[in-house]
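A.B. asks: build me a model:
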Amino acid sequence: INIYTQRNRFKAKQIMGKKAYFFPFFEHELDKAGLPKELKYISIIESALDPYALSSSGAMGLWQFIRSTALYHLDMEITPIRDERRSHYGSTKNAVKYFKELYNTFGDWLLAIAAYNGGPGTVRKAIKKSGGKKDFFSILPYLPKETQNYVPAFIAVMYLDNYAKAHYISPERPEKYHAFLHPEKIEPIELKGPLSFKTVSRHIGIAFEKLIFLNPDYNIPYIPENTKMKLVLPKEKAIIALAENENMRFLEKVNKNDIEYHIVEEGDFLHDIAQKNNC
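C.D. replies: Numbers count the residues shown, from 1 in each chain. This is a model prediction of the structure:
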């Protein structure tokens, strides 16, 4: 609690400011799955509500999935074009799926939360070392230091959300946030490429920055030719985009906005690749 309310007060203000953008969406998905809405607070511990957050171990996104878990356990999409771990929709739906799985395994929410951080195997070992006890505080001494601190951090974040005013912590709205992720106001749709975000932005009348904010999973703001990919848009714009998909593809080809790809081989240098492709 002291870390959030005293030492990191500035960061706590930023987190409180971002809350309004993400929490309605998280709550909607958790409620739909019949899970406690309080699980939304894990996103604060994991990423401080930053979809571009990247840990030293390579965990990424709002819910900080490592590549192996995302690819092989949750079947998430990771390609040179997009990384679903950064998707508001994809990452949240998979976090909900994983929470459910962990709770079904341990039958206790604090153990499930500990397993979200340390992994199910770590929690099983701690239960065994404790003589078969199945509550978090009984297995606490047998857990790695980071996992020992994880559940108290979760409780501290809940406290911060409820008692921020008592500590004179007021929300600070982030400058680069362009849209609220309210489930009734946004919709993921499949669009066919070739299609750049710039063409979508101009054609349906949506700010390019807003398009980027709603789709942080894209490494390149582009849907390649003969590919269908999901794009999150405000609902009123989603209908227009679907109806205008073919027209936008035609404009893309006329304006020659296509992106060319170079497969990097041994001995390649960025300078040489740039010269060869005149960019």
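A.B. asks: what's the top helix by length along the chain in contact with?
C.D. replies: With secondary structure taken from DSSP state H, the chain has its longest helix at helix 9-32. Residues outside helix 9-32 that contact it (CB atoms under 8 Å, 6 or more residues apart in numbering) are 4-5, 36-37, 39-40, 43-44, 48-50, 62, 88, 92-93, 96, 99, 160-161, 164, 167, 169-174, 177, 179-183, 186. Just so you know, the C-beta spots here come from the backbone N, C-alpha and C atoms, and that holds for glycine as well.
A.B. asks: how far out from the middle of the chain is the helix or strand just after it?
C.D. replies: Sequence order places helix 42-47 as the next helix or strand after helix 9-32, per DSSP states H and E. Distance of helix 42-47 from the chain centroid (CA atoms, centre = their mean, to the nearest Å) equals 10 Å.
A.B. asks: next structured bit after helix 42-47?
C.D. replies: helix 67-68.
A.B. asks: tell me what that next one is packed against?
C.D. replies: Judged by 3 or more CB pairs under 8 Å, 6 or more residues apart in numbering; DSSP states H and E, helix 67-68 is in contact with no other helix or strand.
A.B. asks: spatially nearest residue to residue 60 (excluding sequence neighbours)?
C.D. replies: Counting by CB to CB, 6 or more residues apart in numbering, residue 85 is the residue found nearest to residue 60 once chain neighbours are left out, at 4.3 Å.
A.B. asks: of the contacts of helix 9-32, buried ones?
C.D. replies: 4-5, 39-40, 43-44, 49-50, 62, 88, 92-93, 96, 99, 160-161, 164, 169, 177, 179, 181, 183, 186 (16 or more other CB atoms under 10 Å).
A.B. asks: residues contacting the residue nearest to residue 60?
C.D. replies: Contact partners of residue 85, counting by CB under 8 Å, 6+ apart, are 60, 61, 63, 65, 70, 76, 78, 91, 217.
A.B. asks: which residue is the nearest non-sequential neighbour of the second one?
C.D. replies: Excluding its sequence neighbours, the residue lying closest to residue 61 (CB to CB, 6+ apart) is residue 85, at 3.9 Å.
A.B. asks: distance of the one you found relative to residue 53?
C.D. replies: According to CB to CB, to the nearest Å, residue 85 stands 10 Å off from residue 53.
A.B. asks: spell out which residues are contacts of both of these two.
C.D. replies: Between them, residue 85 and residue 53 share these contacting residues under CB under 8 Å, 6+ apart: 60, 61.
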